[in-house]
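Colleague: show me the folded form of this:
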Amino acid sequence: MNEVWKKPPVSLQAYQEMVGHEVGVSSWHLVDQKRINLYADVIEDHQFIHIDPERARKETAFGSTVAHGFLTMSLMSIMSYEVMPVIEGTTMGVNYGFDKLRFIAPVRAGSRVRGRFTLMEAKLRKPTELQSRTNVTVEIEGEDKPALVADWIGLIYFA
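Modeller: The predicted model follows:
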């Protein structure tokens, strides 16, 4: 099992007390050409700006290939596993969507990204269902602008 899943759990009350606070910052994750190509194959989006380094260098303002925005967004999952606490008694968590998601700056091939997570809301919808809203900023190493900003909603279920 991945080490990031082995964090000690926190109580529901302790989790709710984190609302309004930055919970953590993930490690850096490499977005290299191999990862971009694999993602392109999975989603069948082979636009040259993603998979053709020579053409992207010559024909775009990016100067290189760039990651798909949805690839960068998808990396938020592993980043969240690294930093977001697990609540005692959790049976599962599911992605419920986004209130806001904006791609701010391109992630060039070879860049590293990390996620910064601030818990904005944690309210019980039912006795066994918690809705959380987390503000996420995915930063690009060495860049002034982030790759993306998002208000990410999750549902956490209890036994």
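
Colleague: hang on, R114 packs against E141?
Modeller: Yes - with contact defined as CB atoms under 8 Å, R114 reaches E141; the gap is 7.4 Å. All C-beta spots, glycine's among them, are computed from the backbone N, C-alpha and C.

Colleague: in terms of helices and strands, where is the nearest residue to L119 once chain neighbours are set aside?
Modeller: Nearest residue to L119 in three dimensions, chain neighbours excluded: M18, at 4.7 Å (CB to CB, 6 or more residues apart in numbering). Counting by DSSP states H and E, no helix or strand carries M18.

Colleague: residues contacting M18?
Modeller: Contact analysis of M18 by CB atoms under 8 Å, 6 or more residues apart in numbering lists 85, 119, 122.

Colleague: give me the pLDDT for the first one.
Modeller: Spelled out, it's P85. Looking at P85, its pLDDT is 96.

Colleague: which residues does the closest residue to it other than its chain neighbours bridge with?
Modeller: Nearest non-adjacent residue to P85, counting by CB to CB, 6+ apart: V10, 4.5 Å away. Note on V10: beta-bridge partners I87, judged by DSSP bridges.

Colleague: surely V10 meets G89?
Modeller: No - applying CB under 8 Å, one finds V10 not in contact with G89, separated by 10.7 Å.

Colleague: which residues of the protein fall in helices?
Modeller: In order along the chain, the chain carries the following helices (DSSP state H): 12-16, 33-43, 48-51, 53-59, 69-74, 76-83.

Colleague: now do the residue nearest to L119 against R116, distance only.
Modeller: Distance of M18 to R116, given as CB to CB, to the nearest Å: 14 Å.

Colleague: now swap in Y81 and tell me
Modeller: Distance, Y81 to R116, using CB to CB: 15 Å.

Colleague: the two: which is more packed in?
Modeller: R116 (18 against 15; other CB atoms under 10 Å).

Colleague: near the residue nearest to that one when sequence neighbours are not counted, how many residues? Count them for me, please.
Modeller: In space, and not counting its chain neighbours, R116 is closest to T137: 4.6 Å by CB to CB, 6+ apart. Counted with other CB under 10 Å, the neighbours of T137 add up to 17.
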